[in-house]
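[1] what follows is a predicted structure for the sequence shown.
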Amino acid sequence: MVSDTSIINSNKWAIGDTVKISENKNNNDYWHIREFVLEDLQDVCALCREAFPLEYPNEWYKDVVNGCYISFGLYQ
């Protein structure tokens with residue numbers, strides 16, 4: 001599903017949707033919402049280390065990308 005509504009102003013999206021991030025109608029900034037997969041492991045590790053001042057064990061990161069937790073990302 002593709003939504004022309006900004007994701008910032010809408011709660012009507014779900015994993016698997018493609019959404020437009022910007023309100024600018026001339027901007028073609030569409031992103032896809034999907035669950036993390038094993039190939040995302042390094043990106044998830046880097047994001048968490050940069051965003052949170054906590055040290056998680058490596059097994060936690062593997063659990064995140066293997067579906068043990070509700071987790072998803074936005075991808076272009």
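    Thanks, I have the structure now. Numbering: from 1, shown residues only.
[2] against residue 71, how distant is the nearest residue to residue 66 once chain neighbours are set aside?
    Once flanking residues are discounted, residue 66 sits nearest to residue 38: 6.7 Å by Cβ to Cβ, 6 or more residues apart in numbering. Placement of C-beta: from N, CA and C, glycine included. Distance of residue 38 to residue 71, computed by Cβ to Cβ, to the nearest Å: 12 Å.
[3] okay, those two: which has more neighbours?
    Set residue 38 next to residue 71 and count neighbours by other Cβ atoms under 10 Å: residue 71 wins out with 14 against 9.
[4] now do the contacts for the more buried one.
    Taking Cβ atoms under 8 Å, 6 or more residues apart in numbering, we find residue 71 in contact with 35-36, 44, 64-65.
[5] rerun at 6 Å
    Counting by Cβ atoms under 6 Å, 6 or more residues apart in numbering, residue 71 touches 36, 64.
[6] can you check the one 5 residues further on too?
    Under the criterion of Cβ under 6 Å, 6+ apart, the contact list for residue 76 reads residue 31.
[7] verify the stated contact: residue 20 with residue 31.
    No: using Cβ atoms under 6 Å as the test, residue 20 is too far from residue 31 to be in contact (7.8 Å).
[8] which other residues reach the one helix or strand residue 60 maps to?
    Assigning secondary structure by DSSP states H and E places residue 60 in helix 58-65. With contact meaning Cβ under 6 Å, 6+ apart, helix 58-65 is reached by 36, 38, 40-41, 44-45, 71.
[9] the same query, at a cut-off of 7 Å, please.
    By Cβ atoms under 7 Å, 6 or more residues apart in numbering, the residues outside helix 58-65 that reach it are 36-38, 40-41, 44-45, 69, 71.
[10] where is the longest helix in the protein?
    Determined from DSSP state H, the single longest helix within the chain is helix 41-51.
[11] show me what it is packed up against.
    On a contact count with 3 or more Cβ pairs under 7 Å, 6 or more residues apart in numbering; DSSP states H and E, helix 41-51 meets helix 58-65.
[12] can you check what angle separates the helix it packs on from helix 41-51?
    Here helix 58-65 runs at an angle of 110 degrees relative to helix 41-51 (axes from the mean of the first three to the mean of the last three Cα atoms, to 10 degrees).
[13] many thanks, we can stop here.
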